[in-house]
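Undergrad: Prediction below, plus the sequence it came from.
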Amino acid sequence: MREFIRLQLKLKWGFNRNNNKVSAFMTAVAALFAVLIALALVWALSFVLKTSVGPTNKQLAQLYLTVIMIGLTIAATGMQTKRLYRPGDLLITARFPLSPFKLFVGYLILNYIDLFIYTVILTLPVMVVFGVAMQCITVQYMLGVLLGVLLMPMIPFALSIFIAVPTVYITSVLERHGIARLIVFVLFLVGAFALYYYLLTVLSHFFIHRNWETGTLEIWDGILKGLDGYYNPVYYLGNVIFFERFWLGLLVLIGAGAVLIAAGVALARTVCANFRMKALNGGNGMPAKVTDVDSYMSGKAILRYGFKEIMRTKTYSYFYLGVAISTPVMVFFCNRLVTMVGEAQVGSGINFGASMLVIAVFMAMICSFTGTVLSVEGKNFYITKLVPVPFHKQLLIKAVLNIGVSAVALLISAVLVYGLEFVSGTELGVLVLTQFLLAIGLVFNGINLNLANPNLKPKANGEAEEINITYMLLIGLVIAALLGACSIIFPKIWENGSMTAYFVAIGGAFVYAAINVFVFWLTADKKYQKIEV
């Protein structure tokens with residue numbers, strides 16, 4: 001079992017020489033950027049709450065520790081579900097010279113080790129930045145943080161064992177209903193984004209106006225006092241970190257964690273055995289769905305297949321179609337925030353530029369997945385060369401599908417910003433035309449990039465996870481920043497700047513789209529013929 005655990009840890013955390021170094025570097029940069037943003041929010045919120053509410057260090061630390069513990073519980077639940085109940089290597093591990101119980105224990109140990117690593121990565125930077133913001137960095141504080149990091153994984157790990165049982169049953173139902181699964185994800189995404197928007201709005205309003213919005217101070221004061229109670233496991237963690245009633249916190253964490261883990265393991269062992277037995281015996285016994293042979297024309301059949309491909313691939317259905325569906329709501333939030341901050345820094349009259357910037361960012365997010373229109377085929381790519389449909393026609397149909405998804409999100413977003421009077425009628429026309437041309441350019445840019453770098457290596461469950469998405473996202477964000485900057489700055493620096501901004505936005509988007517369509521038309525067939533599985 002020790003060798004099994006060591007091998008699994010090496011596969012997840014070890015460095016593989018065959019890994020794409022560029023992809024690893026880009027992933028590391030993106031992760032570092034996300035961490036810096038999170039730490040900046042921690043510092044800003046600590047400064048604001050310390051200045052206005054005046055909580056104790058322990059009360060404010062418990063706010064961040066509660067958020068981290070919730071995140072760790074969610075992550076641990078995902079690990080328990082994946083490794084205990086839905087392991088991708090079940091047919092292989094079933095032949096290992098290890099008993100099912102040893103495999104079960106081995107996976108639990110792996111989950112705890114992974115959770116501990118995540119705890120260190122998340123908690124240490126946050127608590128150090130918090131200590132700097134609150135000016136409470138001492139030897140005793142750092143010792144308390146280290147002790148807290150050692151104890152913190154116990155409660156999320158114990159809770160995740162219980163939560164994973166109903167979760168695996170719920171996900172089993174949702175997997176048979178792709179639309180329901182997508183709706184749940186969209187609701188979660190919009191909710192998380194709304195919470196993030198609220199936090200940024202509170203901070204922005206404070207730093208701009210040096211005061212709180214009506215009622216906000218009471219809300220945060222209530223949250224901080226509410227978390228400082230015996231019912232909150234983080235309360236006892238705060239006791240350990242700040243050495244206040246230290247032994248009470250230590251004994252409760254260890255005792256409650258040990259009891260919950262023991263009870264959870266007893267429950268999970270039985271459920272896990274049943275799930276594995278069903279999987280090894282051919283699944284849940286549900287009859288396979290019988291489908292008729294498609295009688296559609298080639299173009300419509302490929303379009304229909306492309307949509308089904310989106311729905312069956314989790315990366316696409318979640319982060320592509322899910323983002324597209326929730327884009328109008330997130331555009332509304334972002335537009336209000338950017339307008340508020342922009343008007344305070346630049347002045348009034350930036351609504352059009354803010355709308356151009358925000359919608360372009362979400363167009364970039366949606367269209368970035370076109371960098372995988374070929375890669376998602378994986379080992380089945382050879383079929384696309386056998387079907388009696390020209391290569392460029394297959395790609396054009398995929399492009400039309402992606403442009404259509406982007407156009408729907410764009411139109412709803414445009415109607416929203418116009419209905420809320422962020423833009424005038426003329427600005428609405430310029431906005432829609434510019435963003436539609438940008439979507440065309442991004443879609444064909446992604447296809448051209450994927451033709452040059454098809455990356456058809458087998459992926460788990462057909463997921464589209466590769467560097468092309470990152471490249472396209474970076475390209476889209478740069479273009480969005482340029483469009484937003486021109487639309488905001490030009491009207492401010494000369495009299496007819498608005499008309500200039502209109503022509504620059506439409507002209508730039510048109511040139512970008514034309515170049516990528518032209519490159520596609522000239523090179524697509526030749527590049528496609530050279531691709532081999």
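TA: That came in fine, so what should we check first?
Undergrad: going forward, measure contacts between C-alpha atoms and count neighbours the same way
TA: Noted.
Undergrad: Tell me where the stretch 151-300 of the chain has helices.
TA: Taking DSSP state H, counting those that start in this stretch as the test, the helices found in the stretch 151-300 of the chain are 154-175, 178-209, 216-227, 233-241, 246-280, 298-312.
Undergrad: Could you tell me the angle between the third one and helix 233-241?
TA: Orientation check (axes from the mean of the first three to the mean of the last three CA atoms, to 10 degrees): helix 216-227 against helix 233-241 gives 80 degrees.
Undergrad: average model confidence for helix 216-227?
TA: For helix 216-227, the per-residue pLDDT values average out at 72.
Undergrad: again with the fourth one
TA: Average pLDDT, helix 233-241: 86.
Undergrad: Same check on stretch 401-408?
TA: What stretch 401-408 shows for mean pLDDT is 86.
Undergrad: What residues sit buried inside whichever strand or helix holds residue 132?
TA: Residue 132 is located in helix 100-134, with elements delineated by DSSP states H and E. Residues 100, 103-104, 106-108, 110-112, 114-116, 118-120, 122-124, 126-131, 133-134 are the ones in helix 100-134 that count as buried (16 or more other CA atoms under 10 Å).
Undergrad: what's the answer for stretch 427-445, then?
TA: For stretch 427-445, a neighbour-count test (16+ other CA under 10 Å) marks 427-428, 430-445 as buried.
Undergrad: quick one on the thing from earlier: tell me the helices and strands packed up against the helix holding residue 132.
TA: Helix 100-134 is packed against helix 2-13, helix 21-52, helix 57-80, helix 139-151, with contacts defined by 3 or more CA pairs under 8 Å, 6 or more residues apart in numbering; DSSP states H and E.
Undergrad: what's the average pLDDT for the longest one?
TA: Put plainly, it is helix 21-52. Taken as a whole, helix 21-52 has an average pLDDT of 72.
Undergrad: Break this structure down into its domains, please.
TA: 19-280, 298-530 (automatic domain parsing).
Undergrad: Look up phi and psi at residue 390.
TA: phi -50, psi 150 (degrees, to the nearest 10).
Undergrad: Please tell me how far it sits from residue 121.
TA: According to CA to CA, to the nearest Å, residue 390 and residue 121 sit 50 Å apart.
Undergrad: next one: residue 332
TA: Going from residue 332 to residue 121 by CA to CA gives 33 Å.
Undergrad: swap in residue 334?
TA: 29 Å.
Undergrad: before we move on, what about residue 387?
TA: With distances taken as CA to CA, residue 387 is found 49 Å from residue 121.
Undergrad: again, but for residue 355
TA: With distances taken as CA to CA, residue 355 is found 36 Å from residue 121.
Undergrad: Over to residue 323?
TA: To residue 121, residue 323 is 27 Å away according to CA to CA.
Undergrad: Check residue 108 too.
TA: 20 Å.
Undergrad: So residue 133 sits against residue 45, correct?
TA: No. Using CA atoms under 8 Å, residue 133 is not in contact with residue 45; the gap is 9.2 Å.
Undergrad: buried ones in stretch 36-54?
TA: Those would be 39, 41-50, for stretch 36-54 by 16+ other CA under 10 Å.
Undergrad: Now render the residues you listed as a markdown table, adding distance to residue 29.
TA: Below are the buried residues of stretch 36-54 laid out as a markdown table (distance: CA to CA, whole Å):
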| residue | distance to residue 29 |
| --- | --- |
| 39 | 15 |
| 41 | 19 |
| 42 | 20 |
| 43 | 21 |
| 44 | 22 |
| 45 | 24 |
| 46 | 26 |
| 47 | 27 |
| 48 | 29 |
| 49 | 30 |
| 50 | 31 |
